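Visitor: sequence and predicted structure, then a few things I'm wondering about:
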Amino acid sequence: MKSEALLRIEAPHFVAGAIFENRDGEWKCIKAAPIIRYLCKMSSSEIKRYLDSKGWRYRWVSEYVRGNN
């Protein structure tokens, strides 16, 4: 069973989400809103550093349930 999680990102000019999948113990962005799609090309540690450097707030959404699409 794949383990997935949703990251909610809040910036001054947008709120968006990215879906992460746990692959071999590393969280990898597999899908994201168009405004943050470039995050899927980064490692999880690079994403954290980037979001922190921008001062954007982010949190894991515990209520996330992915549909069958």
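Guide: Here it is on my side, so go on.
Visitor: find the centremost residue of the protein, please.
Guide: Centroid-nearest residue in the chain: residue 18, 3.4 Å away (criterion: CA atoms, centre = their mean).
Visitor: quick one: neighbours of the nearest residue to that one once chain neighbours are set aside, just the number.
Guide: Distances taken as CB to CB, 6 or more residues apart in numbering place residue 32 nearest to residue 18, at 3.8 Å, with adjacent residues excluded. C-beta: built from backbone N, CA, C; applies to glycine. Counted with other CB atoms under 10 Å, residues neighbouring residue 32 total 19.
Visitor: quick one: contacts for the closest residue to residue 57 other than its chain neighbours?
Guide: Leaving out its chain neighbours, the residue that sits closest to residue 57 by CB to CB, 6+ apart is residue 10, at 4.4 Å. The contact partners of residue 10, taken as CB atoms under 8 Å, 6 or more residues apart in numbering, are 56-58.
Visitor: so residue 10 bridges to which residues?
Guide: Applying DSSP bridges to residue 10 gives these bridge partners: residue 15, residue 57.
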